[in-house]
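A.B. asks: predicted model, plus sequence, below.
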Amino acid sequence: MIEIAPGLAIEDSELEEKFLRAGGPGGQNVNKVSTAVQLRFDVRNSPSLPPAIRERLERLAGRRLTNDGVIVIAAHRYRTQEMNRADAREKLVALIAEAAIKPPPPRRPTKPTFGSKQRRLAQKTRRGEIKSNRGKPADD
């Protein structure tokens with residue numbers, strides 16, 4: 001069981017891991033050992049997630065979400081299978097934890113009060129008078 005937040009956890013049985021050969025440096029070890037991990041999590045059919053979190057998670061997943069509603073996370077940063085497996089799980093937990101945060105309420109636009117409009121216009125008039133008095137004195 002993977003704990004994400006208080007009251008929110010995912011069963012290990014909901015995760016599907018596939019091990020692949022990773023590219024990049026590593027010499028002969030790269031060609032022999034399957035260290036990269038591809039973690040799959042079916043968001044749409046998960047009984048552990050409430051509908052609101054499920055919806056936000058699908059939006060946050062972006063390109064990692066397949067048409068079937070499965071999140072695919074690849075991890076091949078480390079040279080060992082165990083570390084890549086832990087890295088993939090951490091990425092999934094971070095993504096779900098971000099989706100679990102409730103969005104802030106929408107902003108309700110307000111209008112300035114009549115008094116504040118009057119004060120602003122009076123201040124503009126005063127400032128304009130100050131600036132107009134800065135000119136050269138008129139020749140009389």
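C.D. replies: That came through fine. Being a predicted model, the structure only gives us computed values, none of them experimental.
A.B. asks: pretty sure residue 17 sits against residue 39.
C.D. replies: Yes - assessed by Cβ atoms under 8 Å, residue 17 is found in contact with residue 39 at 5.6 Å. Using the backbone N, CA and C atoms, a C-beta is placed for each residue, glycine as well.
A.B. asks: remind me which residues of the chain are low pLDDT?
C.D. replies: Applying pLDDT under 70 to the chain picks out residues 24-31, 140.
A.B. asks: all strands of the protein, in order?
C.D. replies: Listed in chain order, the strands of the chain (DSSP state E) span residues 2-5, 8-10, 15-20, 36-42, 70-75.
A.B. asks: show me the one of those strands that comes nearest residue 123.
C.D. replies: Taking Cβ to Cβ as the criterion, residue 123 comes closest to strand 2-5 out of the strands of the chain, the separation being 49.6 Å.
A.B. asks: buried residues, the closest one. List them.
C.D. replies: Residues 2, 4 are the ones in strand 2-5 that count as buried (16 or more other Cβ atoms under 10 Å).
A.B. asks: strand partners (parallel or antiparallel) of it?
C.D. replies: Looking at strand 2-5 with DSSP bridges, its partner strands are strand 8-10 (antiparallel).
A.B. asks: can you list the strands of the chain in TSV and add distance to residue 82?
C.D. replies: Supplementary listing: those in TSV, determined by distance: least, Cβ to Cβ, whole Å:
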stretch	distance to residue 82
strand 2-5	16
strand 8-10	19
strand 15-20	11
strand 36-42	9
strand 70-75	11
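A.B. asks: who wins for proximity to residue 49 among those?
C.D. replies: Of those, the one closest to residue 49 (Cβ to Cβ) turns out to be strand 8-10, at 7.7 Å.
A.B. asks: gap between the closest one and the chain center?
C.D. replies: Computed by Cα atoms, centre = their mean, to the nearest Å, the chain-centroid distance of strand 8-10 equals 19 Å.
A.B. asks: and if you look at stretch 54-71?
C.D. replies: Offset of stretch 54-71 from its chain centre (Cα atoms, centre = their mean): 12 Å.
A.B. asks: go on, stretch 74-85?
C.D. replies: Relative to where its chain is centred, stretch 74-85 has its mean C-alpha point 23 Å off (Cα atoms, centre = their mean).
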